[in-house]
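**Student:** this one's structure only:
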């Protein structure tokens, strides 16, 4: 039988960078809000007292999420510093392509296009500073909206978003339409544009 602590922890994990509200935690676990708060407190103490644990529970605007402890900031900075083109995985490029062409866009909208969970990939792109948060959508759960950054433009040698290569007409811009993956199109067209500019 699953413990209440494990239930809360699993929901925090899958909620990713957007986090989850106390109300949502209560509804999903079937617990009252005071009981959920007790479990959140226990979870935080568990993480805090474990020297081999690198995560903690943080809260903002009545939303809770799991994040890496601040003590590990230097280590993560070293890992993510100055990403090269090869440092971006297929998942990262695919997610970045969707944000670039559909912004502002929510995690759920990205996942509807990709068909897979994207919280981890979004966190990586946020750390790279290739995307940023741009407020919240006025919808249930107030999901975070994501957009590309100035660093994104610099990364691909673009002066403005209007310089993004135009996408061919495709119904709904879904991955896999006409045998052409959106990520592959994005990757190839931007690299072609980069080579063209360098040859001028």
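**Tutor:** Thanks, I have it. Just so it is clear, the structure is predicted and the values come from calculations on it, not from any experiment.

**Student:** which of the helices or strands spans the residue nearest the centre of the chain?
**Tutor:** Residue closest to the average C-alpha location in the chain (C-alpha atoms, centre = their mean): residue 122, at 2.0 Å. Using DSSP states H and E, the element containing residue 122 is helix 119-128.

**Student:** avg pLDDT for that helix?
**Tutor:** Averaging pLDDT along helix 119-128 yields 86.

**Student:** flag every buried residue along the next helix or strand after it.
**Tutor:** Following helix 119-128 in sequence order, the next helix or strand is strand 131-136 (DSSP H and E). Using 16 or more other C-beta atoms under 10 Å as the test for burial, strand 131-136 gives 131, 132. Just so you know, the C-beta spots here come from the backbone N, C-alpha and C atoms, and that holds for glycine as well.

**Student:** helices and strands around strand 131-136, which ones?
**Tutor:** helix 119-128, strand 144-148 (3 or more C-beta pairs under 8 Å, 6 or more residues apart in numbering; DSSP states H and E).

**Student:** how about the ones you listed in a markdown table, adding distance to residue 31?
**Tutor:** Listed next are the helices and strands packed on strand 131-136 as a markdown table, based on distance: least, C-beta to C-beta, whole Å:
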| stretch | distance to residue 31 |
| --- | --- |
| helix 119-128 | 23 |
| strand 144-148 | 25 |
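
**Student:** ranking these by burial, who's on top?
**Tutor:** strand 144-148 (a mean of 21; mean count of other C-beta atoms under 10 Å).

**Student:** OK, contacts around the residue lying closest to residue 145 once chain neighbours are set aside?
**Tutor:** Once flanking residues are discounted, residue 145 sits nearest to residue 104: 3.8 Å by C-beta to C-beta, 6 or more residues apart in numbering. Shown in contact with residue 104 (C-beta atoms under 8 Å, 6 or more residues apart in numbering): 134, 135, 137, 145, 146, 147.

**Student:** list the contacts of the residue nearest to the centre of the chain.
**Tutor:** Taking C-beta under 8 Å, 6+ apart, one finds 16, 17, 95, 107, 110, 131, 146 in contact with residue 122.

**Student:** ok, now how distant is it from residue 46?
**Tutor:** Residue 122 is 26 Å from residue 46, where distance means C-beta to C-beta, to the nearest Å.

**Student:** please apply the same query to residue 17.
**Tutor:** For residue 17 relative to residue 46 (C-beta to C-beta), the value is 21 Å.

**Student:** one more: residue 89?
**Tutor:** When residue 89 is compared with residue 46 (using C-beta to C-beta), they lie 31 Å apart.
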